[in-house]
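In: return a 3D structure for these sequence lines:
(one chain, ligands or ions: 1)
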Amino acid sequence: MIDQGYFEDKLNGERERAVKTLGWAESEFKNHDMSIQEAMPDSADNEIADAATDTLTMQLDSAYQRRAAARVNAIDGALQRMRMGQFGTCINCGREISRARLEAIPWTPYCRDCAQDLQALD
Ligand SMILES: [Zn+2]
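Out: Numbers count the residues shown, from 1 in each chain. Below is the predicted model:
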């Protein structure tokens, strides 16, 4: 049985860190006269590429920001599954995700086997 309270704290802590990362990146983007929307993962990739071609630094900032935004999304998904009582269950095969895997990647929606099959990015 999964200790949800423990993982909820862990997820909230990780979310706070990722949001802080985004805040930092957002201010960096403001310095470059670039809006955060242009760097979000749901924008078209070619838009990001167009906006990020100026300097190598800009490209790194963009990738950094996209990773942090993707992390927040993944954590929100995990917290939502927790509210629905599905946390710790693989969304692909329905088997239990191992405790060790959840300790390492608490926001993962996949068990280790499915993550390998799907080559899902943690
Ligand atoms: Zn699975």
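
In: tell me where this protein has helices.
Out: In chain order, the chain shows helices spanning 4-31, 45-51, 56-83, 99-104, 112-118, with DSSP state H as the criterion.

In: of the ones you listed, which shows the lowest average pLDDT?
Out: The weakest mean pLDDT among those belongs to helix 45-51, with a mean of 50.

In: re the thing from before, out of the helices of the chain, which gets nearest to the ion?
Out: Counting by Cβ to the ion, the ion lies closest to helix 112-118 out of the helices of the chain; the figure is 3.2 Å. C-beta coordinates here come from the backbone N, C-alpha and C atoms, glycine included.

In: now check that closest one, is it near the ion?
Out: Yes: if you take Cβ under 5 Å from the ion as the test, helix 112-118 does meet the ion, through Cys114.

In: got TSV for the helices of the chain, with mean neighbour count and distance to Cys93 too?
Out: Converted to TSV, those look like this (neighbours: other Cβ atoms under 10 Å; distance: least, Cβ to Cβ, whole Å):
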stretch	mean neighbour count	distance to Cys93
helix 4-31	15	20
helix 45-51	13	30
helix 56-83	17	15
helix 99-104	14	13
helix 112-118	14	5
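
In: can you redo the ones you listed as JSON lines with distance to Thr89?
Out: Supplementary listing: the helices of the chain in JSON lines, determined by distance: least, Cβ to Cβ, whole Å:
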{"stretch": "helix 4-31", "distance to Thr89": "12"}
{"stretch": "helix 45-51", "distance to Thr89": "32"}
{"stretch": "helix 56-83", "distance to Thr89": "8"}
{"stretch": "helix 99-104", "distance to Thr89": "11"}
{"stretch": "helix 112-118", "distance to Thr89": "11"}
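
In: Cys90 is nearest to which of those helices?
Out: Set against Cys90 and scored by Cβ to Cβ, the helices of the chain come closest in helix 112-118, at 5.4 Å.
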